[in-house]
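Engineer: My questions concern the predicted model and sequence given below.
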Amino acid sequence: MILVTLLRTAWIAGTLPILLACIPSPKLDAFHNLLSGFAKRGKTMHSSSRKFTVPQKFFTHFYVLAVIWTSILLATTWHYAYRITPTVSETSLYSSIASHLTGSSHVFSLHKSHSSSREHKYWVWQSVFMLLLMEVQVVRRLFETIYVFKYSPSARMHILGYLTGLFFYTAAPLSLCCKYAPEIFKFVADLVAEFVIKGKDRMQVTEFDWWGHLNPLLHLRWYIWIGGAIFLWGWIHQHRCHTILGSLRENEEQDDYSIPNGDWFEYVSSPHYLAEIVIYTGIVIASGCSDVTIWLLFVFVVANLAFAAKETHKWYLQKFDNYPKDRTAIVPFIY
């Protein structure tokens, strides 16, 4: 619960300043300008503003960290879920019912324990599915930062924005499995301790069971697959929009910008941000819409991207006299 509380507090602490800066009050203009200065990067940041900044190509650091950290969480959570799956079998349930019919006095407590165990294992497998979605996302983003985007040497971002990115890609994957992180950590620690004590040669060797690792994922509830489909929809469109943005600059030395067109760019100025919101909407639905930590993560994503999209939209309007007037910042026809 300490880890869950810390993560929830961090998401709230990150979201509240953004919401405060969005309040249309002259008294908050200075705070809004301060926060927007932290959020600016690349084309929205003046080339002369180099104080407390790092190169924008440091974006790669986010996704290297995210791939490594998410892979660790996914591998350990997946292995833990597999190891706890066969702890209670259907046969033992039927045996308990038979014992009740023949006079056993503990059947109801056994049935309750069995149901509780099955529910617990289900939620762990659900975390595996969400971490799998996150892994697919961060691997693609790492590929894009290396091969799709051509960052100009003069492109910068604020150091606080850089640190926020590092925090996000550490805390976001952890939020998807934080309820079970302590027991997974204990499970891994026990494996390491067993390895240290017994040594490699005395460890029990078992053949890798592909079907045993995949089969439980195929029996997840319907809403998880709806969430996965929504995630995939946003994932595909974000890649298309990133490809469009990457194609606007033919080489890294080019600093000129042009108006992007195609896909969701026909409706909003920051469709890649809109697609990111769709991606995390899919994760929220896949979680069953009942995890407060994941909801707070989602609210942070929406607030952060909506704020950044507004600044980007303002930059486009100032930069191009012929910028399409029917485009909005991030939500088609609304905002």
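Structural biologist: Thanks, I have the structure now. Residues are numbered from 1 along each chain as shown.
Engineer: need the strands for the chain, in chain order.
Structural biologist: Across the chain, reading from the start of the chain, the strands by DSSP state E fall at 53-55, 156-158.
Engineer: right, so these: which one is the most enclosed?
Structural biologist: strand 156-158 (a mean of 23; mean count of other CB atoms under 10 Å). (Glycine included, C-beta is placed from N, CA and C.)
Engineer: So which elements touch it?
Structural biologist: Counting by 3 or more CB pairs under 8 Å, 6 or more residues apart in numbering; DSSP states H and E, the packing neighbours recorded for strand 156-158 are helix 29-39, strand 53-55.
Engineer: Select, out of the ones you listed, the one closest to Leu217.
Structural biologist: Distance to Leu217, taken as CB to CB, is lowest for helix 29-39 among those, at 37.2 Å.
Engineer: How far does that closest one sit from its chain's centre?
Structural biologist: The gap between where helix 29-39 is centred and where its chain is centred comes out at 25 Å by CA atoms, centre = their mean, to the nearest Å.
Engineer: So what touches that helix?
Structural biologist: Among residues not part of helix 29-39, those counted as contacts by CB atoms under 8 Å, 6 or more residues apart in numbering are 17-18, 20-22, 158, 160-161, 164, 304, 307-308, 311.
Engineer: Report the buried residues of it.
Structural biologist: When burial is assessed from 16 or more other CB atoms under 10 Å, helix 29-39 yields the following buried residues: 32, 35-39.
Engineer: Ok, which of the strands of the chain comes nearest Pro216?
Structural biologist: strand 156-158 (41.0 Å).
Engineer: Let me know the average pLDDT across the closest one.
Structural biologist: Regarding strand 156-158, the rounded mean pLDDT is 87.
Engineer: ok, now stretch 213-223?
Structural biologist: On average, stretch 213-223 scores 86.
Engineer: again with stretch 18-38
Structural biologist: Within the predicted structure, the mean pLDDT of stretch 18-38 is 86.
Engineer: And that stretch, end to end?
Structural biologist: The stretch stretch 18-38 measures 11 Å between its terminal residues, going by CA to CA, to the nearest Å.
Engineer: now that stretch, how far from the chain's geometric center?
Structural biologist: 26 Å.
Engineer: cool, and stretch 157-177?
Structural biologist: When distances are taken as CA atoms, centre = their mean, stretch 157-177 is centred 10 Å away from the chain's centroid.
Engineer: how about it: buried residues?
Structural biologist: For stretch 157-177, a neighbour-count test (16+ other CB under 10 Å) marks 157-158, 161-162, 164-165, 168-169, 171-177 as buried.
Engineer: ditto for stretch 74-85
Structural biologist: Within stretch 74-85, the residues that count as buried by 16+ other CB under 10 Å are 74, 76-82, 84-85.
Engineer: Among those residues, which one lies nearest to Pro153?
Structural biologist: Leu74 (34.9 Å).
Engineer: all helices for the stretch 151-300 of the chain, in order.
Structural biologist: Across the stretch 151-300 of the chain, reading from the start of the chain, the helices by DSSP state H, counting those that start in this stretch fall at 159-175, 181-198, 210-214, 222-247, 271-286, 292-319.
Engineer: By mean pLDDT, show me the worst of the ones you listed.
Structural biologist: By mean pLDDT, the lowest-scoring of those turns out to be helix 210-214, with a mean of 72.
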